[in-house]
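Colleague: here is my input; please provide its structure:
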Amino acid sequence: MSSKTKSKAADKTLVKRLYFYIRPYINHILLAIVLSLVVAYLGTVRPKLTQIAVDDHIAIGDFEGLWSIIILLLLALVGEFILLMVNTYLTRWFGQNALYSLRSAVFSKIRNLHVQYFDRSPIGRLITRTTSDVEALSELLSDGVVAIIGDMFRIIFILYFMFAMNWELSLVTIAILPVLFYATFWFKKRVRVSFLKVRDQIAHLNSFVQEHINGMKIVQMFNREDYEHDKFREINRGHKEAHIETIYYFSIFWPLVEVFASFAMALIVWYGGGRALMGGVSFGVLLAFIQYARQFFQPIRGLSEKFNTLQSALASSERIFEVLDTEHQISESTNSVTLKNPKGKIEFKDVWFRYNKEGAWILKGVSFVVEPGQHFAIVGATGAGKTTIINILLRFYEIEKGEIYIDGIEFRELSLEDLRSLFGLVLQDHSLFTGSVMDNITLGNPEITRKKVIEASRDVEASRFIEKLPNSYDYVLKKQGSSLSLGQKQLICFVRALVYNPLVMILDEATSSVDSETESLVNTASKRVMKGRTTIAIAHRLATIQDADIILVMHKGEIREQGSHSNLFSFQFDCKQRWAISKIIRITV
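Modeller: Residues are numbered from 1 along each chain as shown. Purely as a prediction, here's the structure:
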C-alpha cells in the first residue's frame, strides 16, 4: 500500500473517531446543516434578483416592479443575517460540548495510565495533548464540518444559477478550476507534513518550559541560565521554522487563489462584455455573472481555509488518539477476588522484576514474608531495589516472574482499587495540590470527615502548625505547597495516609525531609497510630528502623540478610560477610 493510500485511510479513521464525539449532537448538527443550506441559497439568490431587476424592470422603466425586487433583496439580506447568527451560535455550542467530551476522555485516560507510561512521556507533552492539541480541534468541531457542507452547497447553487442564465459564460467562469484544484491538492499534501512538525515542536517546547520552570532553582543555583537559554533558543528556533514552513505554503497558495479569482473575473468581463456589446448577453446577466464570479471563489477560499483547519485538526487528533490508544500494561482480573477479612499479611515468592524487557534485573528472586501487624523495614544502598518492592506491591509496575500474596490471595486476583485501598503511602517526594489543607488531606473523599482529619493531625502533631495557619484547615496552599516547609508538607502527606485508615502503612523514606524535632514527633505518633497495622518502612535513618521487628537488607536486587536490628549485628558471620552487611546497614541508616 502506498504512503498516499495509507495517509487517506488514516485520515478516514481519524474522522470516524472524531465523529464519535459529535454524534450525541447529531440533531443539532443536522439543524445547523439545514440552516447553512438556507443561508447558502439566500446568498446566491441575490445576484439572480439583481439580474431580474436590471433586465426585467430597470431596462423597461418598471419602477413598481423594481420596488418588489428591492424588498425581496432586503428580505434575503435580513434572513441571511438572522439565520447566520443562529447557526453560528448553534455550531459553536455543540462544538464546545464535543471538545469538552474529548478533553475529558484524554484526561480520564491519562489518570488511568500505568506509572511506567509517565516515566517515558515528558509532562509537557501530556499537557500539550490535553490543552493545545484538543483546542486545535475547536474550529473543526465547532463549525468546520457544517461550514464545509455550506460552502459546497453554495458552489452548487452558484453553478445552478449561472448555467440557468448562460452556459457559455458559466464555462468561461469555471475554466480556471482544474488549475485551482491541482494547486489545492499540492497545498494539502505539503501543509499536512508541516502541521505535524508544528505539533511536535509545540509539544517539545511545552515539555522544555515545564521542566525548567519546575527546576529553576537548580538552574539558578549552578548559574546555568545562559546555557539553558541557548537550549531554549534552539528549540524555539525549531518551532519558528516549522511555522514558517506552513507560512511559506500559504504565502504561495493564497495569492494563487486571488490571482485565479481575478483572472476568472477578467475572462467574464472580456468575453461577457463583448457578447453584451453584440447583444448576445443582457447587461443584467453580465452584472449577475460578475457578482457570481466574486461569490464563486469565496467558498473555494473558504474550503481552502477549512483544509488548513482540517490538516491542523488531523495532526492534533493523531497525537490525541496516540494517548487514547495507549494500552494499559497493568491488567485486572475479570473475576477479581474480594478480601472479606483482610489481616495484612504480605508474601513475596521468588519475585523477579526489571523496568525494561532488555534491561538488567532490578529484583532477583526476592522472597520474604511480612506478618500482620509487623513493623518491617527495608534497607540497602541506592539502586538496591527498595522502592521497586513498593512499586510492584502496589502494582504500579507488573512483575515478570514470581508471585506476591496478600493474606494468601495472589495479588493479581484482586482489583486494583481493592488492592490499593489496603495501603497508605507516604513518599519522600511531597505530592501536594493547589487547594485547601483539608482538600489535600481528604482528596475530596466525602467519607472522610473534618473531625477525622483533625484527630489524625493531632496524632502526628501536624495540628501544631496547621491550626496556626490563616483559616487553619481551610488555608489554601499555593503551587505544590510552596508556602510550607519541607517538614510541614511531609506531615500533611502523613495525615493524608492515616485518614484513609489503611491496613498496611508504607513509608518510603517518609521522614528524610523533616528535621530532628519533627522526626521525633512523627516517630512517637507513628508508634501510637500504627498499632494493629502492618508497616513497611524504607529508611536511611537509624531512628526509623531500629525498633523494626524485621529488617530486610537489600544489595543489588537481592536479599543479603534479614532479622531484627540487634540480631543483624550479633550474628556470628565470617569476617568478610559480617563486614559487608554492616557496611550496607551503616550506609543506609
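Colleague: I202: which element?
Modeller: helix 177-214 (DSSP states H and E).
Colleague: go through that helix and flag the buried ones.
Modeller: By neighbour count with 16 or more other Cβ atoms under 10 Å, helix 177-214 contains the buried residues 180, 183-184, 187-188, 190-192, 194-208, 210, 212. In this view, the C-beta of every residue, glycine as well, is placed from N, C-alpha and C.
Colleague: same check on stretch 485-500?
Modeller: Buried residues in stretch 485-500, counting neighbours by 16+ other Cβ under 10 Å, are found at 487-500.
Colleague: tell me the secondary structure for W352?
Modeller: strand (DSSP: H, G, I helix; E, B strand; the rest coil).
Colleague: phi, psi of the closest residue to it other than its chain neighbours?
Modeller: Of all residues not flanking W352 in the chain, K401 sits nearest, at 3.9 Å (Cβ to Cβ, 6 or more residues apart in numbering). K401 adopts backbone torsions of phi -140, psi 150, taken as degrees, to the nearest 10.
Colleague: would you agree K401 is in contact with V351?
Modeller: Yes - using Cβ atoms under 8 Å, K401 makes contact with V351 at a distance of 7.1 Å.
Colleague: avg pLDDT for the longest helix along the chain?
Modeller: Of all the segments of type helix in the chain, defined by DSSP state H, the longest one is helix 63-112. Helix 63-112 shows a mean pLDDT of 86.
Colleague: so who does the most centrally placed residue in the chain touch?
Modeller: In the chain, the residue lying closest to the centroid (Cα atoms, centre = their mean) is T130, at 2.5 Å. T130 makes contacts with R103, V106, F107, I110, as judged by Cβ atoms under 8 Å, 6 or more residues apart in numbering.
Colleague: could I get these as TSV with neighbour count and distance to E322?
Modeller: Output for those, formatted as TSV (neighbours: other Cβ atoms under 10 Å; distance: Cβ to Cβ, whole Å):
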residue	neighbour count	distance to E322
R103	19	16
V106	20	11
F107	15	15
I110	18	12
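Colleague: can I get the residues you listed in a markdown table including distance to S170?
Modeller: Converted to a markdown table, the contacts of T130 look like this (distance: Cβ to Cβ, whole Å):
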| residue | distance to S170 |
| --- | --- |
| R103 | 46 |
| V106 | 48 |
| F107 | 52 |
| I110 | 54 |
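Colleague: burial measure for V15, as a count.
Modeller: Number of residues near V15 (other Cβ atoms under 10 Å) recorded here: 15.
Colleague: can you tell me the helix or strand for it?
Modeller: In the assignment (DSSP H and E), V15 maps to helix 3-22.
Colleague: that helix: what's the following helix or strand?
Modeller: Heading C-terminal from helix 3-22, the first helix or strand you meet, by DSSP H and E, is helix 26-52.
Colleague: got the contact list for N335?
Modeller: E413.
Colleague: how close does L477 sit to V426?
Modeller: 17 Å (Cβ to Cβ, to the nearest Å).
Colleague: which one of these two has more residues nearby?
Modeller: V426 (24 against 20).
Colleague: now for that one: which residues touch it?
Modeller: Contacts here follow Cβ under 8 Å, 6+ apart; on that basis V426 touches Q490, C493, F494, A497, M505, I506, L507, D508, A510.
Colleague: look up which residues are beta-bridged to it.
Modeller: L507 (DSSP bridges).
Colleague: just to revisit the earlier point, quick one: the longest helix of the chain to chain centroid distance?
Modeller: The chain centre lies 28 Å from the centre of helix 63-112; the measure is Cα atoms, centre = their mean, to the nearest Å.
Colleague: can you name the element that comes right after that helix?
Modeller: Taking DSSP H and E, what comes next after helix 63-112 is helix 115-120.
Colleague: and the following helix or strand past that following helix, C-alpha only, in PDB?
Modeller: Downstream of helix 115-120, the next assigned helix or strand under DSSP H and E is helix 123-130. What follows is helix 123-130, C-alpha atoms only, in PDB (Å, rounded to 0.1, in the frame of the first residue of the first chain):
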ATOM      1  CA  ILE A 123       4.900  16.000  31.300                       C
ATOM      2  CA  GLY A 124       4.900  18.900  28.900                       C
ATOM      3  CA  ARG A 125       3.900  16.600  26.000                       C
ATOM      4  CA  LEU A 126       0.900  15.300  28.000                       C
ATOM      5  CA  ILE A 127      -0.100  18.900  28.900                       C
ATOM      6  CA  THR A 128       0.000  19.700  25.100                       C
ATOM      7  CA  ARG A 129      -2.200  16.700  24.300                       C
ATOM      8  CA  THR A 130      -4.800  17.800  26.900                       C
END
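Colleague: could you pull up the contacting residues of the residue nearest to S170 when sequence neighbours are not counted?
Modeller: Closest residue in space to S170, ignoring its immediate chain neighbours: M162 at 4.2 Å, by Cβ to Cβ, 6+ apart. Residues in contact with M162, defined by Cβ under 8 Å, 6+ apart, are L169, S170, T173, F289, Y292, F296.
Colleague: would M162 count as being in a helix?
Modeller: Yes - M162: assigned to a helix according to three-state DSSP.
Colleague: which parts of the stretch 201-350 of the chain are helices?
Modeller: 216-221, 225-267, 273-277, 283-324 (DSSP state H, counting those that start in this stretch).
Colleague: buried set for stretch 378-392?
Modeller: By neighbour count on 16+ other Cβ under 10 Å, the buried set for stretch 378-392 is I378, V379, G380, A384, G385, K386, T387, T388, I389, I390, N391, I392.
Colleague: determine which two of the residues you listed are furthest apart.
Modeller: Longest distance between any two of the buried residues of stretch 378-392 is 18.1 Å, between V379 and I392; criterion Cβ to Cβ.
Colleague: quick check: the closest residue to I404 other than its chain neighbours vs R190, distance?
Modeller: In this structure, I404 finds its nearest non-sequential neighbour in F411, 4.7 Å apart by Cβ to Cβ, 6+ apart. Distance, F411 to R190, by Cβ to Cβ: 53 Å.
Colleague: hmm, I110 is touching T326, no?
Modeller: No - between I110 and T326 there is no contact under Cβ under 8 Å: 9.1 Å.
Colleague: mind checking what secondary structure G532 has?
Modeller: Criterion first, three-state DSSP; result for G532: coil.
Colleague: in contact with it: list those residues for me.
Modeller: G532 touches G373, counting by Cβ under 8 Å, 6+ apart.
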